[in-house]
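Student: only geometry, no sequence info:
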């Protein structure tokens, strides 16, 4: 895309109403717009990052044989009363509203209940199980505080999956496969080495639940981690007994700030029983379904990646989620020969399937480089009079700062 | 996709709580799930249809050089007060909720205000104009009645675009181009011949606004149409003066039920003035931006297509939006030779890029055919013992009922 066609502008000033580094940088670089605390519009580049993160997660979920669906924001009071989760005393993040036609509606902060309820129309026999579904969905949570930018939104995008199984064995099988799929997804997003399957406070059915926690200074959680053994324990269950169960000592665990990027819950059969999701087993017995839920915070991940990889100049995206791979920066825009050359390279790179943001604007080199550093695409290629004279382009790797001088042939070989 | 991997089941019974044909059929065929009146989950096939409709609209919007973004559901009271559209007396479809941190939030029923407000950070000079943006977004509307299924939701997906221009000429230019893009989009969805640019009640700035109305028995609007002249007038402005202005007589206009599938509004400069979106013109004068908004009802279109094309057997999708092009129906599933043959054809078709739903289920032929008719994919190919003996497959075109007997070679040539 030509940058002259991108309506967003970068800004030098740090937004005064924003404390979180991730949101400050994302606003300054034009990825997002702050609607209110914890609520952000996704602008073109921001939407692309989110779609890239979604696509990684989608591919891993599809590999598990799950179907994608899309549930609703409006939620029925009656349904959530059945599981005793309508009352603000039990769930303290509801947004609720009056319905003109009478009664109240809730705005979805989570979707276990509607998913289980919908499934009643499609599951009646053990032959229909196991099945798993997922969605990417806005969640609305009436948080008292929202100061962590994209890492704790009042409105945010989550991938949530739900598994439905006839037996504990089927249930465990999907649960374990999902853990592996999540590990792959976080690997692909560049945080695999820093993301731990963490033992956390369980629900009613298991001693622990499993969270995926990524080491992150700006994270809101604290975990105790043994990097060598690959073991992490959320502070909420960090005690002698847990350590003993997991074969570690308290002393060898290092207190670390982390961000929860994923979680998986085992509902056992209770949720299905409450909602009324039963099937006939092989003996014709009416039996509640085993349920699990599996979340990944999509927009939170965007914030975590900024927090973890940004440097003093701006954002540094992993290649897998960057909105474009290459920032082609054209200088000497008053020289038509150089402009033609830059235009040509843009066309060639695109024809080779390289995704390029082409800074064709009439602006000062210093401003262009500062914008480029702030926006944080993986590679910058500079087209200038000097490059023309040298017969080589300057190629800068954003993450390492490595500078290479490549001929056009070398360049095209490198990016193909 | 193998139908055995699709968790949704069809149902024979008409849902008792649903009056609208479109929702009845979509529920029975497993495309959607009714959460509550006017609120529907999109199940796998339904999500695919919506994504196909979106993709057609996205391509036409991209051709106009617009940027895709995604605004938010949560809306700031203060922003909407500035344009006097917070008060329920002025806008009667708000869902509103209390914020735990204090104050109130609204749930977006429309997005003109936040879009104009966001643009204040990115437009300050005539050099930044014109610009246009679009999004696909959930809208929540607190409708008193919601009895038309997907055609009038309390929660629904809309494509809304917004144009920002420095001059009336720039503004009219985009407005006219958008009309053409809309016409193309409706053509591609198979309703071009039945969709009219309709003169309707205008806003504050123009005598008329323009709606795109599709002839549809289940539509909630009434238009007066002259098919030959391609002129349509919404009943709200159907009078002698309008007819005279448009060069028609009242008598030659035919009263017709229609569904509003798109609309375009001209806000002049008032909206920008109220929100505070100004730019410096070429003379350095501080000037409010010209704004227009451009909507297409994505999920409503899904309902309209069902209403228009369904027959007594079920849904009939236009090829451009069908979730799959081909319904491959395997019979004689107890005969491994036939199953292998069907599996092979499925693999071959997929490898040729044909999108196929493969009914590999162990079910009675009559049930399979009834499901296939109900689901309404454009082409059905039957693989059976009989086909094997004849050396030809039965290929049925859903829309016309045409039956052809094709050899495998003919079949692959036809679908490549």
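Tutor: Okay, I see it. Note that the structure is predicted; figures quoted are calculated from it, not measured.

Student: which non-adjacent residue is nearest the residue of the stretch 251-400 of chain A found nearest chain B?
Tutor: Using CB to the nearest CB, the closest approach of the stretch 251-400 of chain A to chain B is made by residue A:362 at 9.7 Å. (Each C-beta comes from the backbone N, C-alpha and C, glycine too.) In space, and not counting its chain neighbours, residue A:362 is closest to residue A:333: 4.9 Å by CB to CB, 6 or more residues apart in numbering or on different chains.

Student: Tell me the confidence at that neighbour?
Tutor: Note for residue A:333: predicted pLDDT of 94.

Student: Residue ranges in the stretch 151-300 of chain A under the pLDDT threshold?
Tutor: Residue ranges of the stretch 151-300 of chain A with pLDDT under 70: A:203-205.

Student: Quickly list what the residue of it found nearest chain B is bridged to.
Tutor: At 5.0 Å from chain B, residue A:155 is the closest residue in the stretch 151-300 of chain A, using CB to the nearest CB. Beta-bridge partners of residue A:155, counted by DSSP bridges, are residue A:140.

Student: for it, what are its contacts?
Tutor: With contacts defined as CB atoms under 8 Å, 6 or more residues apart in numbering or on different chains, residue A:155 is in contact with A:38, A:39, A:40, A:138, A:139, A:140, A:141, B:72, B:73, B:74.

Student: can you pull the contacts of residue A:220?
Tutor: A:148, A:151, A:152, A:259, A:260.

Student: So chain A: which segments form each domain?
Tutor: Domain assignment of chain A by automatic domain parsing yields the ranges A:48-73+A:108-309, A:326-414.

Student: end to end, how far does the longest one reach?
Tutor: Using CA to CA, to the nearest Å, the end-to-end distance of domain A:48-73+A:108-309 comes to 18 Å.

Student: can you check the last one too?
Tutor: For domain A:326-414, the first-to-last residue distance is 12 Å (CA to CA).

Student: tell me, how many neighbours does the spatially closest residue to residue A:73 that is not a sequence neighbour end up with?
Tutor: With sequence-adjacent residues excluded and distances taken as CB to CB, 6+ apart, residue A:73 is closest to residue A:108, at 5.2 Å. Counted with other CB atoms under 10 Å in any protein chain shown, the neighbours of residue A:108 add up to 22.

Student: coming back round to it: could you identify which of the contacts of residue A:220 has the most neighbours?
Tutor: Comparing the contacts of residue A:220 by number of neighbours (other CB under 10 Å), residue A:151 comes first, having 29 neighbours.

Student: I figured that one hits residue A:305, correct?
Tutor: No - between residue A:151 and residue A:305 there is no contact, the gap being 10.6 Å when judged by CB atoms under 8 Å.

Student: where along chain A do the helices fall?
Tutor: Under the criterion DSSP state H, chain A contains helices at A:21-28, A:44-63, A:77-82, A:112-119, A:168-188, A:240-246, A:270-275, A:298-309, A:336-351, A:365-375, A:385-390, A:408-414.

Student: Which of those sits closest to residue B:65?
Tutor: helix A:44-63 (12.1 Å; CB to CB).

Student: returning to what we had before: which of the domains of chain A sits most buried?
Tutor: Comparing the domains of chain A by mean neighbour count (mean count of other CB atoms under 10 Å in any protein chain shown), domain A:48-73+A:108-309 comes out on top with a mean of 19.

Student: Report the mean per-residue pLDDT for stretch A:343-361.
Tutor: The pLDDT scores in stretch A:343-361 average 97.

Student: oh sorry, the question was meant for stretch A:377-395
Tutor: Mean pLDDT, stretch A:377-395: 95.

Student: Then stretch A:96-107?
Tutor: Stretch A:96-107 comes out at a mean pLDDT of 96.

Student: Is any residue of that stretch near chain B?
Tutor: Yes - contact of stretch A:96-107 with chain B (CB under 8 Å from any CB of the partner chain) involves A:96, A:97, A:98, A:99, A:100, A:101, A:105, A:107.

Student: beta partners for the first one?
Tutor: Right, the one you point to is residue A:96. Assessed by DSSP bridges, residue A:96 has beta-bridge partners residue A:106.

Student: The closest residue in space to residue A:56 that isn't next to it in sequence: what's it in contact with?
Tutor: Using CB to CB, 6+ apart and skipping residues adjacent in sequence, the residue nearest residue A:56 is residue A:188, 4.9 Å away. By CB under 8 Å, 6+ apart, the residues touching residue A:188 are A:56, A:60, A:320.

Student: Next, the contact list for the first one, please.
Tutor: Residue A:56 is in contact with A:185, A:188, A:189, A:320, A:321, counting by CB under 8 Å, 6+ apart.

Student: and if you look at the last one?
Tutor: Listed by CB under 8 Å, 6+ apart, the contact partners of residue A:320 are A:52, A:56, A:188, A:189, A:190.

Student: do the second one as well
Tutor: Contacts of residue A:60 were listed using CB under 8 Å, 6+ apart, and they are A:181, A:182, A:184, A:185, A:188.

Student: Emit the ChimeraX select command for whichever of the residues of stretch A:96-107 next to chain B are buried.
Tutor: This is how ChimeraX selects the buried members of the residues of stretch A:96-107 next to chain B, with burial counted by 16 or more other CB atoms under 10 Å in any protein chain shown:
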select /A:96,97,99,100,105,107
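
Student: Of all pairs in the residues of stretch A:96-107 next to chain B, which one spans the longest distance?
Tutor: Farthest pair in the residues of stretch A:96-107 next to chain B, by CB to CB: A:101 and A:107, 16.8 Å.

Student: could you show me where the strands are in the stretch 201-350 of chain A, in order?
Tutor: Listed in chain order, the strands of the stretch 201-350 of chain A (DSSP state E, counting those that start in this stretch) span A:208-215, A:221-226, A:231-234, A:254-268, A:278-280, A:286-288, A:290-297, A:326-330.

Student: that older thread, residue B:80 is nearest to which of the domains of chain A?
Tutor: Nearest of those (CB to CB): domain A:48-73+A:108-309, 16.5 Å.

Student: tell me the contacts of the nearest residue to residue A:298 once chain neighbours are set aside?
Tutor: Once flanking residues are discounted, residue A:298 sits nearest to residue A:157: 4.3 Å by CB to CB, 6+ apart. The contact partners of residue A:157, by CB under 8 Å, 6+ apart, come to A:50, A:54, A:136, A:137, A:138, A:139, A:297, A:298, A:299.

Student: If we only consider these, which is nearest to residue A:366?
Tutor: For the contacts of residue A:157, the nearest to residue A:366 is residue A:50 (30.4 Å; CB to CB).

Student: can you pull the contacts of that closest one?
Tutor: With contacts defined as CB under 8 Å, 6+ apart, residue A:50 is in contact with A:42, A:157, A:298, A:299, A:302, B:70.

Student: So which residues on the stretch 51-200 of chain A come close to chain B?
Tutor: Counting by CB under 8 Å from any CB, the positions of the stretch 51-200 of chain A adjacent to chain B are A:65, A:67-76, A:92-93, A:95-101, A:105, A:107, A:114, A:118-119, A:121-123, A:128, A:131, A:133, A:138, A:140, A:142-146, A:154-155.

Student: if we go to 7 Å?
Tutor: Neighbours of chain B within the stretch 51-200 of chain A, by CB under 7 Å from any CB of the partner chain: A:65, A:67-74, A:76, A:95-97, A:99-101, A:107, A:114, A:118, A:121-122, A:131, A:133, A:138, A:140, A:142, A:144, A:154-155.

Student: Tell me which residues touch residue A:307, please.
Tutor: Listed by CB atoms under 7 Å, 6 or more residues apart in numbering or on different chains, the contact set of residue A:307 reads A:21, A:22, A:216, A:217, A:218.

Student: got a list of what the last one touches?
Tutor: What that stands for is residue A:218. Shown in contact with residue A:218 (CB under 7 Å, 6+ apart): A:20, A:21, A:22, A:148, A:151, A:307.
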